[in-house]
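Trainee: Starting from these lines, generate the structure:
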Amino acid sequence: MIIKTENLTKVYEAGSQVVEALKGINLSVEKGEFVSIMGPSGSGKTTLMNIIGCLDSPSSGSYHLNNKSVSVLDDDDLARIRNKEIGFVFQSFHLLARNTAFENVMLPLKYAGMGKDEAIKRSNDVLDLVGLSSRLKHTPAELSGGQQQRVAIARALVNKPSILFADEPTGNLDSKTGQDVMSIFKDLNEKGQTIILITHEDSVAQQSKRIITIMDGLIKSDISE
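Mentor: Residues are numbered from 1 along each chain as shown. Predicted coordinates:
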């Protein structure tokens with residue numbers, strides 16, 4: 001079991017108003033699964049991703065990642081878990097504009113203190129994996145939207161994460177380019193990568209092997225193919 005949550009809640013207080021974003025989420029994900037989490041705006045899906053992605057902590061309940069309890073960790077410990085266990089791909093790419101594709105991908109390895117030779121090899125390997133070995137020296141402005149997202153995927157993979165999170169990864173792409181990106185995710189999953197994808201698009205979710213729908217902070221349905 002790579003992810004296990006029990007009665008996970010998240011409450012936000014805004015002045016005198018209390019918002020229950022999550023109201024008791026029980027979720028298990030096995031290693032190697034490809035899961036889509038769907039729900040309308042305000043359903044709690046992004047809050048859930050932030051917690052299981054170790055970007056935030058729950059108000060109550062428990063969360064175990066690779067059998068380690070992370071729901072009680074402080075921000076520094078969560079950051080260490082993120083760097084070691086988790087890769088993120090976002091809708092808006094989040095690439096450094098002045099850095100080349102290669103430099104953007106190599107950045108997490110610098111933070112991790114990896115030796116230069118190993119970091120160079122691993123960066124080249126993941127860029128090759130996403131089909132960008134001929135665009136290493138190009139900056140984001142010199143790449144198409146689809147190519148920028150491929151760079152972002154390579155950067156997310158370079159630390160060999162246990163889980164790859166993708167938050168609306170096709171949201172800024174046209175349908176054909178979005179499908180190319182989804183093909184990369186499916187290929188990665190076939191190789192054993194655990195993937196959790198956040199989306200509001202049914203056509204995107206249908207390409208995963210399990211669809212979890214969240215509504216009003218609760219799991220409404222959980223369907224596997």
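Trainee: Quick check: the nearest residue to D180 once chain neighbours are set aside vs V158, distance?
Mentor: Using Cβ to Cβ, 6 or more residues apart in numbering and skipping residues adjacent in sequence, the residue nearest D180 is G146, 5.8 Å away. (Glycine included, C-beta is placed from N, CA and C.) According to Cβ to Cβ, to the nearest Å, G146 stands 19 Å off from V158.
Trainee: ok, now T177?
Mentor: Applying Cβ to Cβ to T177 and V158 gives a distance of 22 Å.
Trainee: same check, this time on M1
Mentor: Distance from M1 to V158, by Cβ to Cβ: 25 Å.
Trainee: Can you pull the phi and psi angles for the residue most central in space within the chain?
Mentor: Nearest to the mean C-alpha position of the chain, by Cα atoms, centre = their mean, lies F165 at 1.4 Å. Dihedral pair for F165: phi -100, psi 130, per degrees, to the nearest 10.
Trainee: Identify the residues contacting it.
Mentor: Counting by Cβ atoms under 8 Å, 6 or more residues apart in numbering, F165 makes contact with M49, G53, I86, G87, F88, V89, I195, I196, L197, I198.
Trainee: after the longest helix that the chain contains, next one along is what?
Mentor: Taking DSSP state H as the criterion, the chain has its longest helix at helix 175-190. Of the helices and strands lying after helix 175-190 in sequence (DSSP states H and E), the nearest is strand 194-199.
Trainee: just to revisit the earlier point, give me the more crowded residue out of T177 and V158.
Mentor: The neighbour comparison of T177 against V158 (other Cβ atoms under 10 Å) goes to V158, with 24 against 17.
Trainee: Skipping adjacent residues, who's closest to that one in space?
Mentor: Closest to V158 by Cβ to Cβ, 6+ apart is V126, at 5.1 Å.
Trainee: now that neighbour: how far from T139?
Mentor: 18 Å.
Trainee: And the strands in the chain, which stretches?
Mentor: 3-14, 17-29, 34-38, 60-65, 68-69, 86-90, 163-167, 194-199, 210-215, 218-224 (DSSP state E).
Trainee: Now the lowest-mean-pLDDT helix or strand in the chain: buried residues?
Mentor: Every helix and strand of the chain was ranked by mean pLDDT, DSSP states H and E. The lowest is helix 75-85, at a mean of 86. By neighbour count with 16 or more other Cβ atoms under 10 Å, helix 75-85 contains the buried residues L78, I81, R82, E85.
Trainee: what residues does it touch?
Mentor: Contacts of helix 75-85 (Cβ under 8 Å, 6+ apart): 53-55, 57, 65-66, 68, 70, 73, 108, 111-112, 159, 161-163.
Trainee: Where does pLDDT dip in the protein?
Mentor: Within the chain, no range satisfies pLDDT under 70.
Trainee: what about 80?
Mentor: Scanning the chain for pLDDT under 80 picks out 111.
Trainee: May I see the strands of the chain organised as a markdown table, with distance to R122 added?
Mentor: Listed next are the strands of the chain as a markdown table, based on distance: least, Cβ to Cβ, whole Å:
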| stretch | distance to R122 |
| --- | --- |
| strand 3-14 | 25 |
| strand 17-29 | 26 |
| strand 34-38 | 23 |
| strand 60-65 | 23 |
| strand 68-69 | 24 |
| strand 86-90 | 13 |
| strand 163-167 | 16 |
| strand 194-199 | 19 |
| strand 210-215 | 29 |
| strand 218-224 | 33 |
